[in-house]
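S.K.: Show me how the following folds:
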Amino acid sequence: MKYTSNIQAFSNSPDDLESLYQSARQANEEAEFRSDLQEVSGKSPENILLSAWNARFTHMPLLKAKRTTNWLLAVILGLVTGAILFSISGPSLTIKNGVPYIVLLWAPIATIPTLIFLAAVSKRNYLYTGLTALALIALSIYSLLMIPGVPGMRSNDYLILMLFLLPLLCWIGLGVAVLKFKSSTSNRFAFMIKSIEVMITAGIYLIAGVAFGMITIAMFAALNVTLSDVLMRLAVSVGFGLIPIMAVATMYDPLQQPEAQDFSQGLSKFIFTMMRLLLPLTLIVLVIYLFAIPFNFMAPFQNRNLLIVYNVMQFAIIGLLIGATPLKLDDLSEKLQTWLRRGILAVAILALLVSLYAFSAVVYRTVGEFLTLNRLTIIGWNIINIAILFMLIYTQFVQKNPAWNERLQNIFSKATTVYLVWSVFLTLALPLIFR
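M.R.: Numbers count the residues shown, from 1 in each chain. As a prediction, the model looks like this:
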């Protein structure tokens with residue numbers, strides 16, 4: 001939305017609009033300019049100049065510049081990250097009940113160098129990068145201070161929660177630094193898809209690193225040489241320092257907006273295919289589960305661990321729906337579009353029914369007993385995820401425009417803001433509420 005206001009101002013000035021376009025190209029923001037112009041043109045269909053530009057872009061595919069990756073900077077920052085992780089990985093450096101600092105702080109420590117890498121390569125978004133890094137540092141310090149300081153809280157509850165919340169906040173922070181707060185729906189959704197790719201790439205790097213490490217240990221063991229604990233910690237720390245930033249450098253081009261990234265081949269195509277293949281399997285599992293619920297109806301009302309499983313299921317389903325949603329419909333046949341839309345809707349409807357069932361169980365336990373940190377957390381996430389599923393279904397049946405995939409993208413994009421607000425609330429407010 002960076003160019004929206006200028007496009008509106010120059011909507012009757014061909015020279016100014018052409019100059020604005022050339023400036024966007026020089027700043028490697030042509031994709032964002034195109035997206036903003038299409039949005040403005042859609043709201044002013046009577047404007048001949050904007051319609052002409054729309055036609056121009058329709059018949060002029062976005063040319064992808066040859067990508068060059070600054071591997072040296074990525075390796076240097078990865079090694080620095082590894083050194084920091086190693087410095088807090090000592091066996092005596094623990095928070096509470098023997099939990100090492102590195103277990104809690106690995107995500108922000110790995111995220112901040114990644115933020116620096118993205119800003120340095122793209123040569124933009126310095127302000128948002130700095131503010132995001134400061135926010136992550138502040139939230140990390142706050143959580144460290146609160147973990148041992150709340151005697152009224154059940155042991156380790158807040159610590160366990162922060163093991164999940166800090167990585168989530170780091171991911172959202174990366175999005176804020178790259179996209180800022182006023183970003184288009186297509187850019188936000190493309191960032192989510194690229195995030196899935198980066199996570200899978202990081203997993204592949206991790207598997208390769210573990211395999212290499214095991215082979216190395218076995219080779220030295222064959223010579224009766226045992227590597228010291230310090231050396232092992234150093235190797236693991238450096239590995240975990242390198243993996244996140246190398247995954248980002250591999251899959252993401254900082255010079256391009258998320259929607260201008262390459263989604264047409266390689267891992268991108270594999271992820272889209274895999275997610276769509278998982279849709280019918282997930283649908284079958286949900287149908288069987290719904291039929292099985294009456295035979296053990298009270299299980300989640302009596303077992304708190306099941307409620308956690310349901311909460312994880314909600315996130316997994318939403319992640320699956322995000323991965324299965326197409327960026328563009330042009331790449332799919334009309335028949336495949338129809339069945340894909342039906343599959344996404346069917347999974348969303350069944351997931352909503354299971355989520356409402358789980359939500360009634362946690363409310364029942366809360367009303368019958370008392371509100372705890374975990375119950376408040378689960379209730380909040382349940383409400384958010386149920387609302388996402390409901391709106392996803394509602395917009396598909398009620399709204400007619402834009403295309404069905406864009407309606408899904410819009411819901412998922414707006415959900416990131418709600419995730420951010422609730423995550424920050426849980427981090428800051430829970431230690432104060434449950435004193």
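
S.K.: Give the other helices and strands that the helix or strand Val178 falls within contacts.
M.R.: Counting by DSSP states H and E, the secondary-structure element that holds Val178 is helix 157-179. In this structure, helix 157-179 makes packing contacts with helix 101-122, helix 126-146, helix 185-222, helix 373-398, helix 404-433, judged by 3 or more CB pairs under 8 Å, 6 or more residues apart in numbering; DSSP states H and E. (Glycine included, C-beta is placed from N, CA and C.)

S.K.: Let's see that with 10 Å instead.
M.R.: In this structure, helix 157-179 packs against helix 101-122, helix 126-146, helix 185-222, helix 304-324, helix 373-398, helix 404-433, with contacts taken as 3 or more CB pairs under 10 Å, 6 or more residues apart in numbering; DSSP states H and E.

S.K.: quick check: angle from the least confident helix or strand in the chain by mean pLDDT to helix 157-179?
M.R.: Scoring the helices and strands of the chain by mean pLDDT, DSSP states H and E places helix 30-43 at the bottom, with a mean of 80. Compare the direction of helix 30-43 with that of helix 157-179 by axes from the mean of the first three to the mean of the last three CA atoms, to 10 degrees and you get 80 degrees.

S.K.: hmm, back to that, next, the buried residues of the helix holding Val178.
M.R.: 157-159, 161-163, 165-166, 168-179 (16 or more other CB atoms under 10 Å).

S.K.: Could you say which of the helices and strands packed on helix 157-179 is packed most deeply?
M.R.: Relative to the other members of the helices and strands packed on helix 157-179, helix 101-122 carries the highest mean neighbour count by mean count of other CB atoms under 10 Å, namely a mean of 21.

S.K.: what mean pLDDT does that helix have?
M.R.: Average pLDDT, helix 101-122: 92.

S.K.: Also stretch 192-206?
M.R.: 90.

S.K.: before we move on, the earlier item: how far away from the center of its chain is the helix holding Val178?
M.R.: 10 Å (CA atoms, centre = their mean, to the nearest Å).

S.K.: And stretch 116-135, by the same measure?
M.R.: Remark: stretch 116-135 is offset 18 Å from the chain centroid, using CA atoms, centre = their mean.

S.K.: what domains does the record give for this structure?
M.R.: Domain assignment of the chain by automatic domain parsing yields the ranges 4-58, 71-256, 263-433.

S.K.: Would you single out the least confident of these?
M.R.: domain 4-58 (a mean of 82).

S.K.: Flag every buried residue along the least confident helix or strand of the chain.
M.R.: Glu30, Ala31, Glu32, Phe33, Arg34, Ser35, Asp36, Leu37, Gln38, Glu39, Val40, Ser41.

S.K.: distance of the closest residue to Tyr205 other than its chain neighbours from Gln8?
M.R.: The shortest distance from Tyr205 to any residue that is not its chain neighbour, by CB to CB, 6 or more residues apart in numbering, is 4.8 Å, and that residue is Ile243. Using CB to CB, to the nearest Å, Ile243 is found at 44 Å from Gln8.

S.K.: Comparing these two, which residue is more hemmed in?
M.R.: Comparing Ile243 with Gln8 by other CB atoms under 10 Å, the one with more neighbours is Ile243, at 22 against 14.

S.K.: show me the contacts for that one.
M.R.: Under the criterion of CB atoms under 10 Å, 6 or more residues apart in numbering, the contact partners of Ile243 comprise Gly78, Thr81, Gly82, Ala110, Thr201, Ala202, Gly203, Ile204, Tyr205, Leu206, Ala208, Gly209.

S.K.: do you know how far it is from Ser87?
M.R.: 18 Å.

S.K.: how far does stretch 381-395 sit from the chain's center?
M.R.: With CA atoms, centre = their mean as the basis, the distance from the averaged C-alpha position of stretch 381-395 to the chain average is 18 Å.

S.K.: hey, C-alpha coordinates of that stretch in PDB?
M.R.: Listed in PDB are the C-alpha atoms of stretch 381-395, where the atom choice follows Å, rounded to 0.1, in the frame of the first residue of the first chain:
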ATOM      1  CA  TRP A 381      -6.600 -19.200  21.300                       C
ATOM      2  CA  ASN A 382      -9.800 -21.200  20.900                       C
ATOM      3  CA  ILE A 383     -11.800 -18.100  20.400                       C
ATOM      4  CA  ILE A 384      -9.400 -16.700  17.800                       C
ATOM      5  CA  ASN A 385      -9.100 -19.900  15.800                       C
ATOM      6  CA  ILE A 386     -12.800 -20.500  15.900                       C
ATOM      7  CA  ALA A 387     -13.400 -17.000  14.600                       C
ATOM      8  CA  ILE A 388     -10.900 -17.600  11.800                       C
ATOM      9  CA  LEU A 389     -12.600 -20.800  10.800                       C
ATOM     10  CA  PHE A 390     -16.100 -19.200  11.000                       C
ATOM     11  CA  MET A 391     -15.100 -16.100   9.000                       C
ATOM     12  CA  LEU A 392     -13.300 -18.400   6.400                       C
ATOM     13  CA  ILE A 393     -16.600 -20.300   5.900                       C
ATOM     14  CA  TYR A 394     -18.800 -17.300   6.100                       C
ATOM     15  CA  THR A 395     -17.000 -15.200   3.500                       C
END
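
S.K.: Nearest to Asn382 among the contacts of Ile243?
M.R.: Using CB to CB, the shortest approach to Asn382 within the contacts of Ile243 belongs to Gly203, at 27.8 Å.

S.K.: so what's the closest one up against?
M.R.: Shown here is Gly203, whose contacts under the criterion CB under 10 Å, 6+ apart are Ile243, Ala247.

S.K.: Glu197 versus that one, what's the distance?
M.R.: Using CB to CB, which is the criterion applied here, Gly203 is 11 Å from Glu197.

S.K.: Report the set of residues contacting both of the two.
M.R.: Taking CB under 10 Å, 6+ apart as the contact rule, Gly203 and Glu197 both touch Ala247.

S.K.: Surely Thr201 touches Met246?
M.R.: Yes. The criterion here is CB atoms under 10 Å, and Thr201 meets it with Met246 at 8.4 Å.

S.K.: Overlap of the contact sets of the two?
M.R.: The overlap between the contact sets of Thr201 and Met246 (CB under 10 Å, 6+ apart) is empty.

S.K.: how about Gly78, what does it touch?
M.R.: Contacts of Gly78 (CB under 10 Å, 6+ apart): 110, 113-114, 117, 238-246, 249.
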